[in-house]
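Engineer: The following comprises the amino acid sequence and a computationally predicted model.
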Amino acid sequence: MSFTETLLLAIAILLLIPSLVIFMQVLFACLPGKHDNVTPVEDMSIAVLIPAHNESSGIVATLNSILPQMKSNDRLLVVADNCSDDTAEIAVANGAEVIKRHDLENRGKGFALDFGIHYLAKNPPDIVIIVDADCLVEANALKRIAAYALHYGRPVQALYMMYAKAPDLKSRIAEFAWCVKNLVRPLGYAKLGLPCQLMGTGMAFEWETILNADLANGNIVEDMKLGVDLSRSGKSPMFYPDALVISHFPEASDIQSGQRTRWEHGHLMMILFEAPKLLIQGVTKFDKNLLAMAFDLSVPPLALLVALLFGYSTALGMVVMLFDIAQLAFQITLSALFILTVSTAVAWWGWGRRIITFSTLLLVPVYVISKIPYYIKFLFKRQKAWNKTERDKV
């Protein structure tokens, strides 16, 4: 086999791996299973930490979903981070404890969380739960994930769902892709006893775990980075799908575009710089959780994976016809594309039919094409600094 054929085969195998990971996760998500019911400790103290930057338009709803779940010894702390509006005043008026942070050089959610943790250290709780300021927390969700985190001594991620307000094609397919990423895939891993990625909100931590975590950084996907760091320290996150936290995609296209750019560019950087190291560490330490995290992290955004498989299979098809080489690479790529198609169909049948119709599902290639500029931008104008996504104005 020539060097060219070996290289083409290696690329095909690299594309096959994330397709197999998704297939395994979707397959096991379909199997029956239920999490242990952990009884909350009565005197367990919880601190809910909410980082907030100019969230005056939506934070009241968030606080109202949390306050009824709080006990007398619990705390609800809002970090008003570099705010230029009345977020702090509104949060105080609606029952929250508020601290203000002003630091225009060190900007980002991670710095706000670190500021809040150091404040809580004066009177530390048993469990810290992080909730974003634009989210609604389902009744009883807080005590469920807090009890789970205390019982197992590991971070716990609640089910975090984002819903589309707009009925357009891109928004509906984005909601389905989110469902696959945040529900179906971690559910499959959970049924295998494997960890999940942290999702940024609805996250519960034992006090010592979050106190010692590296939070004060400007990583544009700070939640994903935190999950990787904790996994390396032996505290890989657990998924708890019976506690729900929800929010909505922004309706304004420019806001939604900025949000997705940050998410996807950050994810791709994590794939490039963290997944290989995690894989090596998992192999050398014989650690199944590190290996599982490495393979899960290696799965790119669904639209990008579809685009890569379509593009590469087309290119290999031409190579085969013109030069009569790389047949094995072509067959593997077609197999990966088939596996991903089957996985998507199963996920749609099990969880996506309420989100999009079958006819809409067939239009996924249109959605994939619309995402290509995000990935081109990653190559030539990558987003490296954290920036907060502004909310829709109400």
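Structural biologist: Received the coordinates, thanks.
Engineer: Just list what the longest helix along the chain packs against, helices and strands only.
Structural biologist: The helix that spans the most residues within the chain, counting by DSSP state H, is helix 3-29. Helices and strands touching helix 3-29, by 3 or more CB pairs under 8 Å, 6 or more residues apart in numbering; DSSP states H and E, are helix 185-191, helix 288-297, helix 302-323, helix 327-347. Backbone N, C-alpha and C define where each C-beta goes, glycine included.
Engineer: Show me what the third one is packed against.
Structural biologist: The reference is to helix 302-323. Right, helix 302-323 is packed against helix 3-29, helix 327-347, helix 364-380 by 3+ CB pairs under 8 Å, 6+ apart.
Engineer: angle of the longest one against helix 302-323?
Structural biologist: Yep, that's helix 3-29 we're talking about. 140 degrees (axes from the mean of the first three to the mean of the last three CA atoms, to 10 degrees).
Engineer: 234 is where my numbering starts, stick with that
Structural biologist: With the count now opening at 234, the last piece we talked about shows up as helix 236-262.
Engineer: On the C-terminal side of helix 236-262, identify the next helix or strand.
Structural biologist: For helix 236-262, the following helix or strand on the C-terminal side (DSSP states H and E) is strand 279-285.
Engineer: Show me what that next one pairs with in its sheet, parallel or antiparallel.
Structural biologist: Paired strands of strand 279-285, with direction, are strand 308-314 (parallel), strand 360-363 (parallel) (DSSP bridges).
Engineer: Tell me which of these sits most buried.
Structural biologist: The highest mean neighbour count among those, using mean count of other CB atoms under 10 Å, belongs to strand 360-363: a mean of 27.
Engineer: what's that one in contact with?
Structural biologist: Strand 360-363 has contacts (CB atoms under 8 Å, 6 or more residues apart in numbering) with 277-284, 346, 350, 353, 375, 378-379, 382-383, 433-440, 443.
Engineer: what's the following helix or strand after that strand?
Structural biologist: Once the chain leaves strand 360-363, the next helix or strand it forms, by DSSP H and E, is strand 369-370.
Engineer: Show the contacting residues for Leu249.
Structural biologist: Neighbouring residues of Leu249 by CB under 8 Å, 6+ apart: Ile565, Thr566, Ser568, Ala569, Ile572.
Engineer: Break down the stretch 334-483 of the chain into its helices, ranges please.
Structural biologist: 342-353, 374-385, 402-412, 418-424, 440-444, 455-465 (DSSP state H, counting those that start in this stretch).
Engineer: Please point out which parts of stretch 561-568 sit buried.
Structural biologist: Across stretch 561-568, burial judged by 16 or more other CB atoms under 10 Å covers Ala562, Phe563, Ile565, Thr566, Leu567.
Engineer: can you list those residues in TSV and add distance to Ile513 and pLDDT?
Structural biologist: Shown next, in TSV, are those (distance: CB to CB, whole Å; pLDDT from 0 to 100):
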residue	distance to Ile513	pLDDT
Ala562	25	96
Phe563	30	96
Ile565	24	97
Thr566	26	97
Leu567	30	97
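Engineer: Go through the helices and strands packed on helix 236-262 and find the least confident stretch.
Structural biologist: Note on the helices and strands packed on helix 236-262: helix 535-556 shows the lowest mean pLDDT, a mean of 93.
Engineer: coming back round to it: in JSON lines: the helices and strands packed on helix 535-556, plus distance to Glu371.
Structural biologist: Shown next, in JSON lines, are the helices and strands packed on helix 535-556 (distance: least, CB to CB, whole Å):
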{"stretch": "helix 236-262", "distance to Glu371": "20"}
{"stretch": "helix 560-580", "distance to Glu371": "23"}
{"stretch": "helix 597-613", "distance to Glu371": "29"}
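Engineer: of all those, which lies closest to Asn450?
Structural biologist: helix 597-613 (20.3 Å; CB to CB).
Engineer: Quick check: buried residues in the closest one?
Structural biologist: Buried residues in helix 597-613, counted by 16+ other CB under 10 Å: Val597, Tyr600, Val601, Lys604, Tyr607, Tyr608, Phe611.
Engineer: Packing partners of the longest strand along the chain?
Structural biologist: Looking across the chain with DSSP state E, the single longest strand is strand 471-481. Here strand 471-481 touches strand 369-370, helix 374-385, strand 389-396, helix 418-424, going by 3+ CB pairs under 8 Å, 6+ apart.
Engineer: how about JSON lines for the ones you listed, with distance to Leu523 and mean neighbour count added?
Structural biologist: Shown next, in JSON lines, are the helices and strands packed on strand 471-481 (distance: least, CB to CB, whole Å; neighbours: other CB atoms under 10 Å):
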{"stretch": "strand 369-370", "distance to Leu523": "30", "mean neighbour count": "21"}
{"stretch": "helix 374-385", "distance to Leu523": "17", "mean neighbour count": "23"}
{"stretch": "strand 389-396", "distance to Leu523": "17", "mean neighbour count": "23"}
{"stretch": "helix 418-424", "distance to Leu523": "13", "mean neighbour count": "23"}
